[in-house]
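Colleague: need a structure here:
(chains A, B, C and D)
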2 protein chains.
Amino acid sequence: MKNTKEKILIAASKLFLAGGLSALSVRAIARESNLSTIGIYKYFQGKQGILDALYIEGFERLLDALDVPINIHDPKGNIIAAAKGYIKTAFDYQGHYRLIFGEHVAEYVPSAEAKKVSEKAFMHTTKIIAGILPNDSTFEQKQQASLQIWSLIHGYIGLKQHAIADEIEPNLWEGLILAAVRLHLDALEQHSHT
Amino acid sequence: MKNTKEKILIAASKLFLAGGLSALSVRAIARESNLSTIGIYKYFQGKQGILDALYIEGFERLLDALDVPINIHDPKGNIIAAAKGYIKTAFDYQGHYRLIFGEHVAEYVPSAEAKKVSEKAFMHTTKIIAGILPNDSTFEQKQQASLQIWSLIHGYIGLKQHAIADEIEPNLWEGLILAAVRLHLDALEQHSHT
DNA sequence: ATTTAAAATATAACACTGTTATATTTTGTC
DNA sequence: GACAAAATATAACAGTGTTATATTTTAAAT
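Modeller: Numbering: from 1, shown residues only, chains lettered A, B, ... in the order given. Alright, predicted model coming up:
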């Protein structure tokens, strides 16, 4: 027995997965859920709330992907496994990924709750990356290393959706990203032990 | 004596620089240029054409930034100089950068002409990066190296606009990006000479 | 069970969007 | 000056997110 809020969110998720943001008008959501648009305002405070729910939904998927089993003898393998999951999720849930990292279409401003999930992801990646750094590394050093790897992956994902991506075979991207990540991890490891 | 097309483009650029995409309705452009909206359709085939012109405008600024003087004795310096220019332009022209690399808001699809400018940039970065690779590197190897550096920078720029960016001082970003780029260049150089 | 009030929901209306249709003005040619 | 073509203004259309108003449903009180 689904209540109205759930019905609306299920309808929104379905539309979003199938057609991205442009499929997500309040009337489309209303039609898909066999309700009128008013519930969107009552339960989600408007369309921003719908986008927020989808943002959080997408980020939680990313977090799940980052939640790899930790093998303390193979820190690099942990990072690579997390990267693989992240990349796969980003590609499988493009709409969500774009919502999270796109430039806030239609003036969507993430809520405090949405930001909290972001911070959680950064903490998590920082922890995983710490595995290749010396034990006495500062939190800031760990954070910077994490940001470097994250930027590298995120940059590739962003460029994959760009016009220049036409010049590279679609099935090659994961391999290319992981190669670049491995190279950078080597460099980070080497650099931090000198 | 500006003709109608120029008037419209000047008005659009002004609005875009000041207020980004949300400031760029066809009626706002009409008001700013003291014309009606019809010229947008006659001269630009609609709003897509306006976005295209701004996309090309932004990309040409990026290209200019990449057009650094080449010192053949300091290939890394060349790359760093180009990276600095790219980063500065991306930060100074955020709206344009978002338009180029954002997920095509309002169903904006770049024209063939816009894509051509993108390819030009990729060729240019590939040429600059070649400076640190062995002379017998294949074009593909050069392209991959270029994509790695571009992804790293692009990723940082993208994450700067994200919620997690709140955790890092705004004026530190350029330094962080350049440090990561240097590290990766070192790694590329070392890796390609083994 | 009935009545009343509160809550939920539907529908209508608003101001905005990009676009096309129609009307009007301007420009160019003879 | 008359006429035609081109340019431009204005009106209208179907869509957007949102709020206002109307209606229905649910819950509480008697």
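Colleague: Burial check on A:H96, number of neighbours?
Modeller: Using other C-beta atoms under 10 Å in any protein chain shown, the number of residues around A:H96 comes to 24. Quick note: C-beta positions are derived from backbone N, CA and C, even for glycine.
Colleague: Please name the nearest non-neighbouring residue to it.
Modeller: Nearest residue to A:H96 in three dimensions, chain neighbours excluded: A:G58, at 2.7 Å (C-beta to C-beta, 6 or more residues apart in numbering or on different chains).
Colleague: Also A:L183?
Modeller: Counting by C-beta to C-beta, 6+ apart, the residue nearest A:L183 is B:A187, at 4.9 Å.
Colleague: for A:G20, phi and psi?
Modeller: Taking degrees, to the nearest 10, you get phi 70, psi -160 for the backbone angles of A:G20.
Colleague: pretty sure it contacts A:Y97?
Modeller: No - using C-beta atoms under 8 Å, A:G20 is not in contact with A:Y97; the gap is 10.8 Å.
Colleague: Now tell me which helix or strand of chain A has the poorest mean pLDDT.
Modeller: Ranking every helix and strand in chain A by mean pLDDT, DSSP states H and E puts helix A:112-129 at the bottom, with a mean of 86.
Colleague: what's next to it, contact-wise?
Modeller: Applying C-beta atoms under 8 Å, 6 or more residues apart in numbering or on different chains, the contact partners of helix A:112-129 are A:52, A:55-56, A:59-60, A:62-63, A:66-68, A:70, A:78-79, A:82, A:100, A:110, A:139, A:142-143, A:145-146, A:149-150, A:188, B:162-164, B:166-167.
Colleague: in it, what counts as buried?
Modeller: Going by neighbour count (16 or more other C-beta atoms under 10 Å in any protein chain shown), the buried part of helix A:112-129 is A:114-115, A:117-118, A:121-122, A:124-126, A:128-129.
Colleague: same question, stretch A:125-141
Modeller: Result for stretch A:125-141 [16+ other C-beta under 10 Å]: buried residues A:125-126, A:128-133, A:137, A:141.
Colleague: quick check, nearest of the residues you listed to B:K14?
Modeller: Closest approach to B:K14 among the buried residues of stretch A:125-141 (C-beta to C-beta): A:T125, at 40.2 Å.
Colleague: And the longest helix that chain A contains, what does it pack against?
Modeller: Ranked by residue count, the top helix of chain A under DSSP state H comes out as helix A:139-160. If you count contacts as 3 or more C-beta pairs under 8 Å, 6 or more residues apart in numbering or on different chains; DSSP states H and E, helix A:139-160 packs onto helix A:75-92, helix A:94-101, helix A:112-129, helix A:173-192, helix B:139-160, helix B:173-192.
Colleague: and of those, who's closest to B:K47?
Modeller: Of the helices and strands packed on helix A:139-160, the one closest to B:K47 (C-beta to C-beta) turns out to be helix A:94-101, at 20.3 Å.
Colleague: Other residues contacting that closest one?
Modeller: For helix A:94-101, contacts defined as C-beta under 8 Å, 6+ apart pick out A:16-17, A:20-21, A:51, A:54-55, A:57-59, A:61-62, A:89-90, A:105, A:108, A:118, A:154, A:157-158, A:161, B:103, B:158-159, B:162.
Colleague: Can I have the buried ones of the residues you listed as a ChimeraX selection?
Modeller: To isolate the buried ones among the contacts of helix A:94-101 in ChimeraX, judged by 16+ other C-beta under 10 Å, type:
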select /A:16,20,21,51,54,55,57,58,59,61,62,89,90,105,108,118,154,157,158,161 /B:103,158,159,162
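Colleague: ok so, going back, please name every helix or strand in contact with the strand or helix carrying the residue nearest to A:H96.
Modeller: Per DSSP states H and E, A:G58 falls inside helix A:47-66. With contacts defined as 3+ C-beta pairs under 8 Å, 6+ apart, helix A:47-66 has these neighbours: helix A:4-19, helix A:38-44, helix A:75-92, helix A:94-101, helix A:112-129.
Colleague: now do 10 Å
Modeller: Packing contacts for helix A:47-66, counted by 3 or more C-beta pairs under 10 Å, 6 or more residues apart in numbering or on different chains; DSSP states H and E, involve helix A:4-19, helix A:26-33, helix A:38-44, helix A:75-92, helix A:94-101, helix A:112-129.
Colleague: coming back round to it: from the chain's centroid, how far away is the longest helix of chain A?
Modeller: Mean C-alpha position of helix A:139-160 versus that of the full chain (C-alpha atoms, centre = their mean, to the nearest Å) differs by 12 Å.
Colleague: what's the answer for stretch A:172-192, then?
Modeller: On the basis of C-alpha atoms, centre = their mean, stretch A:172-192 sits 19 Å off its chain's mean C-alpha point.
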